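**Student:** from the sequence below, what's the structure:
(one chain, ligands or ions: 2)
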Amino acid sequence: MRLVVTGAAGFIGSAFVRATLSRGEGVEILALDSLTYAGNLENLAPVANSPGFELERLDIRDREGLSRSFERFRPDVVVHCAAESHVDRSILSPADSVATNVLGTAVLLDVARDHHPRLFLHVSTDEVYGSIDAPGVASESALLSPTSPYSASKAGSDHLVLAYGRTFSLPVIVSRATNNYGPYQFPEKLIPLVVSNALCDLPLPVYGDGLQVRDWLHVDDHCRAIDALIARGQPGSIYNVGGDSPLSNIELVRSVLRICGKPESLIQHVPDRPGHDRRYAISSERIRRETGWAPSVDFDEGLRSTVEWYRRNPGWVERVRSGDYLRYYERNYAARGASLSR
Ligand code: NAD
Ligand code: DAU
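**Tutor:** Numbering: from 1, shown residues only. Ligands and ions are numbered 1, 2, ... in the order given. Below you'll find the predicted structure:
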């Protein structure tokens, strides 16, 4: 099988590439990434010399570049992970989310349809359903109610992907996963942020009362879900992918502190994220029934091994925390009137 993976140097894309190539099943991968602040070649270092792996620095809005790459590589399957993926950044710079998530996806779809892949798998998010009151759960047919520039841009891209399926008979699947966690995640997202801060005795910023609920999915389980959808998903369909591990942010932060052996006095409540969704909750019944996939990583175990990875890779954290990161960090937390120095 010949796979194009976009956003391959990011957190989920690189986990998928590493997992696929380490199985050594004769899969060939063309990894595409424009290497924004979130794209990191170190994430692909473990497989950089694998047979069947090639990497190209390319922006998904570059139609000519994409056309040349698709013409040469002729993928069977496209796994589309490239995105501006962080909600807080989308609040600071909404147009960047639209540019990559909506426009970039449109260009990629256009090029893909000229090359007739067997499948175009769009990696999307449960955030498109918006906040769900307990005890409700969103199924794939729920109305979309995105609330942040990020989730609105992802909802826009989902609609475009489904429209290309319908209008141009491009075989598409949209997968909507819950919050991922695991190694190599950029420390702007909650788990890697609080883990890396806790390990350095820095404050852990908790937005508002911290009672917002997220459903945590280990990135390895997400990658297995992508495999299952490539093998057994129904083209033209949407599949929710949940972790079955709902938790409030404050409980999660306390667990991280326990694992790191650090005091709760590191917790610092800061003003809430504007438009903050209170609770995400989805039903993953469809992917379970149709493909047999189910999450397999126990959350406590997954969190412990994730903390361990960050403990053992201070150099990785140090390097991604230089440059743009510090400027973003200051802007994001200054925007909510918070000081994070101790
Ligand atoms: P990430 O921010 O870690 O990585 C995104 C990658 O896309 C980076 O390598 C970046 O360089 C690349 N990229 C950005 N703009 C690009 C462009 N214009 N052209 C080419 N490459 C570009 O994101 P992630 O957490 O790995 O998320 C991957 C996908 O999964 C996204 O579509 C996101 O919406 C979705 N998703 C993420 C989560 C999560 O919890 N992280 C959960 C559900 C769905
Ligand atoms: O639900 C899937 C989505 O999960 C993905 O589509 C997104 O790409 C991914 O970024 C993630 O979005 P969230 O906004 O849920 O993730 P984040 O890690 O930014 O925040 C998780 C929760 O923690 C959220 O309720 C906000 C809160 N939070 C976050 C940060 C960064 C804090 O309390 N403090 C923080 O400093």
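**Student:** so who does Arg312 touch?
**Tutor:** Under the criterion of Cβ atoms under 8 Å, 6 or more residues apart in numbering, Arg312 has no neighbours. C-beta coordinates here come from the backbone N, C-alpha and C atoms, glycine included.
**Student:** ok, Ala198 next?
**Tutor:** Ala198 touches 204, 256-257, 260, 262, 266, counting by Cβ under 8 Å, 6+ apart.
**Student:** again, but for Asp277
**Tutor:** Here Asp277 is in contact with 127, 130-131, 147-148, 151, 212 (Cβ under 8 Å, 6+ apart).
**Student:** now, the contacts of Ala198 that are in strands?
**Tutor:** Counting by DSSP state E, the part of the contacts of Ala198 found in strands is Leu204.
**Student:** scan the contacts of Ala198 and report the most crowded one.
**Tutor:** Val256 (25 neighbours; other Cβ atoms under 10 Å).
**Student:** nearest spatial neighbour of that one, chain-adjacent residues omitted?
**Tutor:** In space, and not counting its chain neighbours, Val256 is closest to Val194: 5.1 Å by Cβ to Cβ, 6 or more residues apart in numbering.
**Student:** pLDDT at the closest residue to ligand 1 within the stretch 1-150 of the chain, what is it?
**Tutor:** Nearest residue of the stretch 1-150 of the chain to ligand 1, counting by Cβ to the nearest ligand atom: Gly10, 2.0 Å away. pLDDT, Gly10: 98.
**Student:** I'd like the next helix or strand past the longest helix anywhere in the chain.
**Tutor:** Longest helix in the chain by number of residues (criterion: DSSP state H): helix 149-168. Later in the chain than helix 149-168, the nearest helix or strand by DSSP states H and E is strand 172-177.
**Student:** with just CA atoms, put that next one into PDB.
**Tutor:** This file holds the C-alpha atoms of strand 172-177, laid out as PDB (Å, rounded to 0.1, in the frame of the first residue of the first chain):
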ATOM      1  CA  VAL A 172     -13.800   9.600   1.700                       C
ATOM      2  CA  ILE A 173     -14.000   8.900   5.400                       C
ATOM      3  CA  VAL A 174     -14.100  11.500   8.200                       C
ATOM      4  CA  SER A 175     -12.900  10.300  11.600                       C
ATOM      5  CA  ARG A 176     -13.700  12.400  14.700                       C
ATOM      6  CA  ALA A 177     -11.500  11.600  17.600                       C
END
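**Student:** where in the protein is pLDDT low?
**Tutor:** 339-342 (pLDDT under 70).
**Student:** need the contact list for the nearest residue to Val128 once chain neighbours are set aside.
**Tutor:** Nearest residue to Val128, sequence neighbours excluded (Cβ to Cβ, 6+ apart): Ala155, at 4.2 Å. By Cβ under 8 Å, 6+ apart, the residues touching Ala155 are 128, 144, 146.
**Student:** for Thr195, the count of nearby residues, please.
**Tutor:** Careful, residue 195 is Val; it's not Thr. Val195: 26 neighbours (other Cβ under 10 Å).
**Student:** hang on, isn't it packed against Ser305?
**Tutor:** No. Here Val195 does not reach Ser305: they are 11.3 Å apart, not a contact under Cβ atoms under 8 Å.
**Student:** residues from the stretch 151-300 of the chain in reach of ligand 1?
**Tutor:** Proximity of the stretch 151-300 of the chain to ligand 1, by Cβ under 6 Å from any ligand atom, involves residues 154, 177, 179-180, 186.
**Student:** got the domain boundaries for this protein?
**Tutor:** Following automatic domain parsing, one gets these domains for the chain: 2-181+216-241, 190-213+245-279+297-330.
**Student:** reformat the ones you listed as CSV; add distance to ligand 2.
**Tutor:** Output for these, formatted as CSV (distance: least, Cβ to the nearest ligand atom, whole Å):
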stretch, distance to ligand 2
domain 2-181+216-241, 3
domain 190-213+245-279+297-330, 4
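**Student:** so which of the contacts of Asp277 would you say is closest to Ser248?
**Tutor:** Closest approach between these and Ser248, by Cβ to Cβ: Gln212, at 6.6 Å.
**Student:** so what's the closest one up against?
**Tutor:** So Gln212 contacts 248-249, 276-279 (Cβ under 8 Å, 6+ apart).
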